[in-house]
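Chemist: quick one: sequence plus predicted model below, questions after.
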Amino acid sequence: MVIKFIPHLRVLSPSLPVTGFPSMKPGRTICFNGSIPVLNRVFPFKLKFLGLSPYFNGKLITRSLSTRPSRPRSRASSEFTPKIRGDVRVSKSLIEDEAELSDWVGELRTDSFRGRLTSEDEELDADRQRNRVRSSDRKRNGVSVKWRRESEFDNFRESSKRETRGNFGDSISRKSRFSKRFDSELEDEDSDDDGEEDDESYSSRKSRGVKREKTKMDSRRGKRNERGLGSRNAGSGRRMGLGRKSNFHEEEDTDASEEEKGREMKGLENFLSEEDSDINAAAEDDYIILRKKASSALGLEKDADQTVTPRSSQGKSESYLSETRFDQISISPLSLKGIKDAGYEKMTVVQEATLPVILKGKDVLAKAKTGTGKTVAFLLPSIEIVSKLPPVDHDVKRPPIHVLVICPTRELAIQAASEAKKLLKYHPSVGVQVVIGGTRLALEQKNLQAKPCQILVATPGRLRDHLENTAGFATKLMGVKVLVLDEADRLLAMGFRKDIERIIAAVPKHRQTLLFSATVPDEVHQICHIALRRDHEFINTVQEGTEDTHSLVRQVHMVAPLDKQFSLLYVLLKEHIADDVDYKVLVFCTTAMVTKLVADVLREMNLNVREIHSRKSQSYRTRVSDEFRKSKGLILVTSDVSARGVDYPDVTLVLQVGMPSDREQYIHRLGRTGRKGKEGQGILLLAPWEENFLSCVKDLPITKAPLPSLDPETKKKVGRALSNVEMKTKESAYQAWLGYYNSDKNIGRDKYRLVELANEFSRSMGLDNPPAIPKLVLSKMGLRNIPGLRVR
Ligand SMILES: Nc1ncnc2c1ncn2[C@@H]1O[C@H](COP(=O)(O)OP(=O)(O)OP(=O)(O)O)[C@@H](O)[C@H]1O
């Protein structure tokens, strides 16, 4: 096991396991991504039944509207052709038809499918169950603190001194579903395609954090000894009890076997946990000595009890930036020029912490709060690596892709590619391209052939699509030197796992892998070996004992019955608009169809609203996303397609209506505000029966806020707005709502209660009678014969 030493960054070696994570779970391993391909493969008869045969003229129709010839492929098709013009190429992309598919998929979903047939939303559902217990487990988890070897920093510092002007050593600072819930956000739902913090001062964190780390470790060690294996096993057992085995039908043997694997992993985890406790204890003993050495080597300050304070952060209360300037480090002059043009002068904390390690060739798992520059943190060293490779001969037929960046959503992939373009401004020979679902595969194929592409940014589903359908693509991928998983925890969750495994199998074993996210739940340490080498480094710039959210973002929650929520939403938005003329608000909703409903209602009430969710075409999504990025005085009502990574500057408020799928999703949604050390506000609006969710985020500083008063005029206005919303929208929202909460472990357990709540939601939309739902849908949701539902 590698013991690393890095002042005030905790560098863990999760591959060693697991003493630090006694309650880690293998997690459920049952589900797979992408509804339609799965459908085609598993239930071709269903497609036929609905007149959606995946075959045309006896051939399997491939997905997306491509000019590709149809040919059999290992992965089932997701494209079908309602109208055939010429050949299969004319067909409308299934991806574009996510909406219809999702609905249809939803119809086929049953309780027993939960966590198995997944769109991104369904993945979220699956994750949610785990996460409910995770937060309490997290509290118990110890982490082994390892400091990076001083020699590593010395080397980096020395090379920086040699190659750049600054005195790096003196200035360096080291902070360091067949309907998903029925429609929610599945970005990659189209499996076809892709399938979706702030900054407390380093010094203040550090001065609390480092001291506390040692203390905590001691107490953890003690507790661990007290608890012993027995308690870990007990914990494991409890968590295993959350597995959905009982929910699965017998025919779903794939899932069953996955779960078996999960159990096996759990056994291994417990074994490793025991072993690791000794290793950790030894490491902790080395901790002070190593820290002293590194402190003097790096010019870091020590207080009386050996706490290391990076000079760069001393005296600051809040900073996402380090004291290290880009021109002080060893990067190529061309990259430096690009960075300057982008307006970056100092490195952010995560950039400073990860760059030397990545340039040394190590695999990295990095955690840093939202909006703190993780994209540049993985792009810059990747560009450096590419720029040092020998130029590819022009004669080479299939020039290699050297860097492959995977993002869970299309918006995020577009954004990362655009950031890469900025940094590559003065590297004319290095090209970046993006491949995402919802766009024409043929066009991407053409671009891949015609233009340089050493760096490729992709969503998982579309990447697989290219692997399976683009001539020579697999050969190009064999040139990958660096693989990046942005939002790694999301990509390694079950919704994307199969795609990611397939992608990993397609790139060389001898590569460097970088995993970045603002949230790294325990399960990620457990499964990151899928992608990372055993000696990878975990670089965590969020101090133990501090929140994963930004201290400058004020977080409140409100609890109100559903019949008040539209009015409350309106009043909260009006108040915010009155407070801040430059308002820029994100309203997150539970599912795509509920997003549409909320957007329609707010629009009817003359608020300046845009909407974005998986039911919209990609061109619309891109347009709206660009508009929101540039605008002020705008409200974007969105599903979770905007939850992660999207960098909208100066968002003043994030309002979450209904409980998010899990703790991580809450953090990422909230992270759309308070970026780059700015202030922000977050409001979580819950129904009384959703209050349980608060236990998942009890480690975060979310305070309860009183409800604003609602005058009768507002209620009337909301009533009028609701009556103007199309019935079809309400029907879809009702069904989506039912699907979303049906897959929640707590709320969905009692079907009678669930239906009562759904009908409360229906009344909140102004409907006297709940919309009727197709029998098949109810059946698949396990809701047949539940009183209160109307069947059609
Ligand atoms: N060194 C830097 N100095 C100033 N701004 C920077 C620097 N590096 C990145 N940025 C800017 O910071 C903003 C946030 O960066 P980015 O989107 O990469 O954050 P992130 O940590 O990936 O957030 P999330 O967790 O939400 O994905 C972007 O606007 C980016 O251009």
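Modeler: Now that the structure is in, tell me what you want to look at. As the structure is a computational prediction, the values presented were derived from the model and not from experiment.
Chemist: hang on, Glu691 packs against Met558?
Modeler: No. Judged on CB atoms under 8 Å, Glu691 makes no contact with Met558 at a distance of 10.8 Å. Every C-beta, even on glycine, is put in place using the N, C-alpha and C of the backbone.
Chemist: more neighbours: which of the two?
Modeler: Met558 (18 against 13; other CB atoms under 10 Å).
Chemist: pLDDT of the helix or strand where the more buried one lies, averaged?
Modeler: For Met558, the host element (DSSP states H and E) is strand 553-559. The average pLDDT within strand 553-559 is 97.
Chemist: go through that strand and flag the buried ones.
Modeler: By 16 or more other CB atoms under 10 Å, the buried positions in strand 553-559 come out as 553-555, 557-559.
Chemist: report the strands that pair with that strand, each with its relative direction.
Modeler: Counting by DSSP bridges, the strands paired with strand 553-559 are strand 680-686 (parallel), strand 702-704 (parallel).
Chemist: extract the C-alpha set from the helix or strand where Tyr570 lies and format it as PDB.
Modeler: Assessed by DSSP H and E, Tyr570 sits inside helix 562-579. The C-alpha trace of helix 562-579 is given here as PDB (Å, rounded to 0.1, in the frame of the first residue of the first chain):
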ATOM      1  CA  LEU A 562     -48.600  19.700  -1.900                       C
ATOM      2  CA  ASP A 563     -51.600  21.900  -2.300                       C
ATOM      3  CA  LYS A 564     -49.600  24.900  -1.200                       C
ATOM      4  CA  GLN A 565     -46.400  24.200  -3.200                       C
ATOM      5  CA  PHE A 566     -47.200  25.900  -6.500                       C
ATOM      6  CA  SER A 567     -48.200  29.000  -4.600                       C
ATOM      7  CA  LEU A 568     -45.200  28.800  -2.400                       C
ATOM      8  CA  LEU A 569     -42.900  28.400  -5.400                       C
ATOM      9  CA  TYR A 570     -44.400  31.400  -7.000                       C
ATOM     10  CA  VAL A 571     -44.100  33.600  -3.900                       C
ATOM     11  CA  LEU A 572     -40.500  32.400  -3.200                       C
ATOM     12  CA  LEU A 573     -39.500  33.200  -6.800                       C
ATOM     13  CA  LYS A 574     -41.300  36.600  -6.700                       C
ATOM     14  CA  GLU A 575     -39.500  37.500  -3.400                       C
ATOM     15  CA  HIS A 576     -36.200  36.500  -4.900                       C
ATOM     16  CA  ILE A 577     -36.700  38.500  -8.000                       C
ATOM     17  CA  ALA A 578     -37.700  41.500  -5.900                       C
ATOM     18  CA  ASP A 579     -34.500  41.100  -3.900                       C
END
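Chemist: relative to whichever helix or strand comes after that helix, what are the paired strands and their orientations?
Modeler: Toward the C-terminus, helix 562-579 is succeeded by strand 584-588 as the next helix or strand (DSSP H and E). Applying DSSP bridges, strand 584-588 is found paired with strand 634-638 (parallel), strand 653-657 (parallel).
Chemist: got a markdown table for the ones you listed, with distance to the ligand too?
Modeler: Converted to a markdown table, these look like this (distance: least, CB to the nearest ligand atom, whole Å):
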| stretch | distance to the ligand |
| --- | --- |
| strand 634-638 | 14 |
| strand 653-657 | 12 |
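Chemist: would JSON lines of these with mean pLDDT and mean neighbour count be doable?
Modeler: Below are the strands paired with strand 584-588 laid out as JSON lines (pLDDT from 0 to 100; neighbours: other CB atoms under 10 Å):
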{"stretch": "strand 634-638", "mean pLDDT": "98", "mean neighbour count": "25"}
{"stretch": "strand 653-657", "mean pLDDT": "98", "mean neighbour count": "24"}
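Chemist: now Gln415. Nearest residue, chain neighbours left out?
Modeler: Nearest residue to Gln415, sequence neighbours excluded (CB to CB, 6 or more residues apart in numbering): Asp647, at 6.0 Å.
Chemist: could you report the neighbour count for that neighbour?
Modeler: 20.
Chemist: go on, Lys716?
Modeler: Lys716, neighbours per other CB under 10 Å, totals 11.
Chemist: mind checking how far it is from Arg763?
Modeler: 16 Å (CB to CB, to the nearest Å).
Chemist: same question, Lys730
Modeler: 11 Å.
Chemist: tell me which of those two has more neighbours.
Modeler: Neighbours were counted for Lys730 and for Arg763 using other CB under 10 Å; Lys730 has more, 21 against 14.
Chemist: am I right that that one falls within a helix?
Modeler: Yes. Assessed with DSSP: H, G, I helix; E, B strand; the rest coil, Lys730 lies in a helix.
Chemist: skipping its backbone neighbours, what lies nearest it in space?
Modeler: Met765 (4.8 Å).
Chemist: that neighbour contacts Leu722, correct?
Modeler: Yes. Using CB under 8 Å, Met765 is in contact with Leu722, at 5.8 Å.
Chemist: low-confidence stretches in the stretch 201-350 of the chain?
Modeler: Judged by pLDDT under 70, the stretch 201-350 of the chain has its weakly predicted residues at 201-318.
Chemist: what is the neighbour count of the closest residue to the ligand within the stretch 451-600 of the chain?
Modeler: Closest contact between the stretch 451-600 of the chain and the ligand, by CB to the nearest ligand atom, is at Ala518 (4.0 Å). For Ala518, the count of nearby residues is 26 (other CB under 10 Å).
Chemist: would Ala417 count as being in a helix?
Modeler: Yes. The assignment for Ala417 by three-state DSSP puts it in a helix.
Chemist: need the contact list for it.
Modeler: Ala417 is in contact with 432-434, 457, counting by CB atoms under 8 Å, 6 or more residues apart in numbering.
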